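Enquirer: Return atomic coordinates for the entry below.
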Amino acid sequence: MAAAAAPTGGRRAAASSTGTSGAAVPAAKTQKDDGALFVRSADTLRGDQPVAPTANTNHSISAAPPPPPWSDRPPLFAGSSKERHELKLACRSDPGVPPSLRCAVWTTSVMRAAHPHRPKEWADEYGTRSRVESIEHTWKLVLDQTFAAPEDEACATMPDFGLHQEDVEDLLRRSPHNGGKPLPQAGRRSLIRVLSVLRHMHSAIEYAPLVPDQAAVLLTHMPEAYAYVTLREMVCDHSQFLPPSKVDHYSYCRAFAQLLKRLHPETARQMEDTGALTPRGLDPIFRRFFVTLLRYDHVLRIMDIYTIEGAKVLFRFGVALIAMHKSELKAAAAKGRGADAHTFWKTLRDCAHSPRFNFNALVKRAYGSVGSKWRRKINFPRRRTLARMVRFNEEWAATHVSATNPHVPPPPPPLGYVKKDDVPIELALPTSVRAALAEWMPLQYRSTKLDLIFSTNVHGRSLSAFYDRVSRTKHTVCLVEVLGTGATIGMFASQAWVSHKRPKIYGDGGCFLFRASPDPECYKWRPSEDDTQCDALLEQFQVSSEEYIAMGANKDGSSGLRLNEDMTRGESAPAAGFNNEPLAGSASDAFEVGVVEVYRLVREIDGVPVDGEDDHPAWALK
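Expert: Numbers count the residues shown, from 1 in each chain. Next comes the predicted model:
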């Protein structure tokens with residue numbers, strides 16, 4: 001059999017086959033060297049390439065053809081009429097999926113589970129060379145959408161998806177995925193890239209603490225592009241693979257506790273006494289995917305099975321691991337070594353890392369059989385029963401999710417921007433500015449890009465040029481450079497700026513003022529409880545004339561932000577309703593103006609302006 005080919009996994013384009021993480025590894029040249037070959041695994045997380053194993057390589061992936069009965073091309077088991085059943089049994093049996101096939105098998109297994117109504121051949125294609133170009137193209141597109149500029153990627157931090165900060169530190173600095181050592185810098189950046197793109201493209205999944213460790217496991221055997229595609233299908237079919245919210249996470253933990261009480265009541269009571277059966281106490285299973293409990297080769301075996309069977313694997317192996325060592329746990333408790341959740345799980349970890357530990361025995365404990373070797377059938381509920389148990393606990397979970405310490409959604413990624421050679425951007429280029437704007441934007445505009453439509457560097461310093469460029473755009477972001485301090489301040493307008501001979505007031509409470517740098521601060525309009533402030537003053541959201549534009553007003557005639565007719569001078573003072581500080585600083589309300597830029601918002605997915613096409617803006621159709 002010919003060895004399968006490894007896909008590439010570079011940042012923006014296919015990497016050369018040198019020694020870099022995720023680089024392509026040529027397939028063996030045979031008469032059957034075509035698109036039907038399975039892609040070959042590659043260790044992107046730790047930087048090891050798929051080379052022939054030696055005594056000195058710890059994480060190497062064999063380049064040899066997969067052993068029988070595995071095949072290097074679909075179908076995995078030639079001549080089998082029940083391939084899925086054969087695959088389940090093969091994954092449960094020692095030694096599991098051959099390392100060289102894990103990229104292909106994990107990807108295709110998740111595809112099959114997430115799309116059960118699709119033909120098997122469609123899912124199998126995702127594991128073959130014929131799909132490499134398509135998957136890498138998809139990865140390039142989502143990378144470009146997530147990171148508008150190289151500095152955005154450089155500034156990105158790892159999304160935690162609800163994982164505790166100490167666990168994030170453990171994953172990165174004392175990583176069980178790398179033998180307790182820090183992740184290599186390249187692998188760390190790969191993990192951050194995959195998780196950042198996943199969070200950006202699937203923002204509805206805010207709380208899924210299993211995802212970071214699962215991403216790291218996947219990256220030990222596949223490039224970034226394949227890890228993203230596999231995780232994407234997992235989170236899109238979350239009912240199959242993982243709980244998508246904090247309430248669902250608590251429901252899973254509660255269902256696990258009930259199951260353990262039914263099957264092993266004495267051990268369950270011991271765990272309750274130590275706090276190991278609470279949602280927080282079950283972290284090693286339902287947050288860390290067993291990586292803090294089992295040897296890493298055993299974690300990979302669990303991933304072999306998990307990609308085929310889904311979340312029920314967490315229940316099966318969690319219960320089986322505890323039941324397998326309940327006598328040791330009981331003995332440790334009798335000696336006073338299991339007084340809390342931490343020591344309970346440490347005792348279990350010591351058992352799982354003992355030379356006497358047998359993973360095949362754990363599989364038998366979890367399933368009752370492996371292949372033709374039957375043992376006493378365990379009374380473990382089916383998938384539908386588990387799903388009902390989880391749903392039954394949703395009400396309990398909703399009342400027990402902490403109200404005093406709720407999960408705080410991660411900040412949105414920085415707004416992207418449209419690159420133009422003829423109108424270069426300046427003030428919105430720093431990642432910190434676009435990150436601040438993303439947090440302040442109305443929710444429906446957080447998945448947009450900034451498109452520069454006016455710049456004093458290009459279009460000149462005059463209000464007439466300003467109105468000519470922006471009068472047909474409803475929602476705009478105006479950035480203003482303050483000379484002398486280098487500060488960047490601005491305003492978000494909810495109506496189009498239009499020239500009037502006399503000052504005209506318009507806009508609404510969607511407008512806001514801000515200082516983007518230094519010390520970002522946003523001042524959104526709020527109705528005043530002060531009866532002495534009249535509505536006419538409070539509702540001066542936007543004011544425009546041939547002589548100036550302004551946002552916000554005060555009794556003394558000052559404005560929250562005002563620019564004169566030639567855009568060389570501005571002023572900023574506290575404004576009614578916005579309750580802002582002077583945006584340019586407290587030394588003086590007036591300031592000299594540097595660059596002024598105005599951006600419209602375009603949809604990230606297709607670049608269409610949120611207010612409609614230029615010639616026929618949707619807001620103008622009445």
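Enquirer: partners of the residue nearest to Ala590 when sequence neighbours are not counted in the sheet?
Expert: Across the structure, with CB to CB, 6 or more residues apart in numbering as the measure, the residue nearest Ala590 apart from its sequence neighbours is Glu571 (4.8 Å). C-betas here are computed from N, CA, C, even on glycine. Under DSSP bridges, the beta-bridge partners of Glu571 are Arg562, Ala590.
Enquirer: check contacts around Glu571.
Expert: Listed by CB atoms under 8 Å, 6 or more residues apart in numbering, the contact set of Glu571 reads Ser558, Ser559, Leu561, Arg562, Asp589, Ala590, Phe591.
Enquirer: For it, give its distance to Ala516.
Expert: When CB to CB, to the nearest Å is the yardstick, Glu571 and Ala516 sit 18 Å from each other.
Enquirer: now Val477
Expert: As defined by CB to CB, Val477 lies at a distance of 10 Å from Ala516.
Enquirer: who touches both of these two?
Expert: In contact with both Val477 and Ala516: Leu437, Gly490, using CB under 8 Å, 6+ apart.
Enquirer: Quick one: residues contacting the residue lying closest to Ala435 once chain neighbours are set aside.
Expert: Here the nearest residue to Ala435 in space, its sequence neighbours aside, is Pro414; by CB to CB, 6+ apart that works out to 4.2 Å. Applying CB under 8 Å, 6+ apart, we find Pro414 in contact with Ala148, Asp152, Thr431, Arg434, Ala435, Leu437, Ala438.
Enquirer: Now render those residues as JSON lines, adding distance to His221, pLDDT and neighbour count.
Expert: As requested, those are arranged in JSON lines below (distance: CB to CB, whole Å; pLDDT from 0 to 100; neighbours: other CB atoms under 10 Å):
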{"residue": "Ala148", "distance to His221": "30", "pLDDT": "81", "neighbour count": "23"}
{"residue": "Asp152", "distance to His221": "28", "pLDDT": "87", "neighbour count": "20"}
{"residue": "Thr431", "distance to His221": "32", "pLDDT": "89", "neighbour count": "21"}
{"residue": "Arg434", "distance to His221": "35", "pLDDT": "92", "neighbour count": "23"}
{"residue": "Ala435", "distance to His221": "33", "pLDDT": "91", "neighbour count": "18"}
{"residue": "Leu437", "distance to His221": "38", "pLDDT": "95", "neighbour count": "26"}
{"residue": "Ala438", "distance to His221": "34", "pLDDT": "92", "neighbour count": "18"}
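Enquirer: want to throw those residues into a markdown table with secondary structure?
Expert: Written out in a markdown table, the entries for the contacts of Pro414 read as follows (DSSP: H, G, I helix; E, B strand; the rest coil):
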| residue | secondary structure |
| --- | --- |
| Ala148 | coil |
| Asp152 | helix |
| Thr431 | helix |
| Arg434 | helix |
| Ala435 | helix |
| Leu437 | helix |
| Ala438 | helix |
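Enquirer: what's the closest of the residues you listed to Tyr523?
Expert: Within these, proximity to Tyr523 (CB to CB) peaks at Leu437, which comes in at 13.7 Å.
Enquirer: Show the low-confidence segments of this protein, by residue range.
Expert: Scanning the chain with the threshold set as pLDDT under 70 gives 1-35, 48-64, 78-81, 337-338, 369-378, 402-409, 528-538, 586-587, 613-622.
Enquirer: Quick check: nearest residue in space to the residue nearest to the spatial centre of the chain, chain neighbours excluded?
Expert: For the chain, the residue whose C-alpha lies nearest the mean C-alpha position (CA atoms, centre = their mean) is Arg199; its distance is 2.5 Å. With sequence-adjacent residues excluded and distances taken as CB to CB, 6+ apart, Arg199 is closest to Pro159, at 4.5 Å.
Enquirer: Can you say which of the contacts of Glu571 are buried?
Expert: For the contacts of Glu571, burial is judged from neighbour counts taken by 16 or more other CB atoms under 10 Å, and it is met by Ser558, Ser559, Leu561, Arg562, Asp589, Phe591.
Enquirer: and which of those is nearest to Glu125?
Expert: For these, the closest approach to Glu125 (CB to CB) belongs to Leu561, at 55.5 Å.
Enquirer: Verify the stated contact: the closest one with Pro582.
Expert: No. The pair formed by Leu561 and Pro582 falls short of the contact definition of CB atoms under 8 Å, at 9.6 Å.
Enquirer: residues bridging contact with these two, i.e. touching both?
Expert: With contacts taken as CB under 8 Å, 6+ apart, Leu561 and Pro582 have Ser572 as neighbours in common.
Enquirer: how close does the nearest residue in space to Gly187 that is not next to it in sequence sit to Val299?
Expert: Here the nearest residue to Gly187 in space, its sequence neighbours aside, is Leu45; by CB to CB, 6+ apart that works out to 4.1 Å. If you measure Leu45 against Val299 using CB to CB, the figure is 13 Å.
Enquirer: residue ranges of the strands in the stretch 101-250 of the chain, please?
Expert: When assigned using DSSP state E, counting those that start in this stretch, the stretch 101-250 of the chain turns out to have no strands.
Enquirer: where do the helices sit along it?
Expert: Per DSSP state H, counting those that start in this stretch, the stretch 101-250 of the chain carries helices over the ranges 102-114, 120-125, 132-146, 150-155, 165-173, 185-201, 211-219, 224-236, 238-241, 246-263.
Enquirer: swap in the stretch 401-550 of the chain?
Expert: 431-440, 456-459, 463-470, 535-538.
Enquirer: looking at the ones you listed, which is buried most?
Expert: Mean neighbour count, computed with mean count of other CB atoms under 10 Å, is highest for helix 431-440 among the helices of the stretch 401-550 of the chain, reaching a mean of 20.
Enquirer: if we can go back for a sec, now flag whichever of the contacts of Glu571 is closest to Val608.
Expert: With CB to CB as the yardstick, the closest approach to Val608 among the contacts of Glu571 comes from Leu561, at 29.1 Å.
Enquirer: Leu37 versus that closest one, what's the distance?
Expert: From Leu561 across to Leu37, the span is 62 Å (CB to CB).
Enquirer: Same question for Glu539.
Expert: 67 Å.
Enquirer: between the two, which one's more packed in?
Expert: In this view Glu539 and Leu37 are compared by other CB atoms under 10 Å, and Leu37 has more residues nearby, 24 against 17.
Enquirer: State the helix or strand in which the nearest residue to Thr274 once chain neighbours are set aside lies.
Expert: The spatially closest residue to Thr274, leaving aside those adjacent along the chain, is Phe344, at 4.7 Å (CB to CB, 6+ apart). Following DSSP states H and E, one finds Phe344 within helix 341-352.
Enquirer: next structured bit after that helix?
Expert: Note on helix 341-352: by DSSP H and E, the next helix or strand toward the C-terminus is helix 359-367.
Enquirer: relative to helix 341-352, how tilted is that next one?
Expert: Regarding helix 359-367 and helix 341-352, their directions subtend 120 degrees when assessed with axes from the mean of the first three to the mean of the last three CA atoms, to 10 degrees.
Enquirer: So which bits of helix 359-367 are buried?
Expert: Phe359, Leu362, Val363, Lys364, Arg365, Ala366, Tyr367.
Enquirer: Can you name every helix or strand that it contacts?
Expert: When contacts are defined as 3 or more CB pairs under 8 Å, 6 or more residues apart in numbering; DSSP states H and E, helix 359-367 packs onto helix 296-309, helix 312-324, strand 369-370.
Enquirer: one step back: same list (the contacts of Pro414) but as JSON lines, adding distance to Lys120.
Expert: What follows is these, written out as JSON lines (distance: CB to CB, whole Å):
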{"residue": "Ala148", "distance to Lys120": "39"}
{"residue": "Asp152", "distance to Lys120": "39"}
{"residue": "Thr431", "distance to Lys120": "44"}
{"residue": "Arg434", "distance to Lys120": "44"}
{"residue": "Ala435", "distance to Lys120": "44"}
{"residue": "Leu437", "distance to Lys120": "46"}
{"residue": "Ala438", "distance to Lys120": "41"}
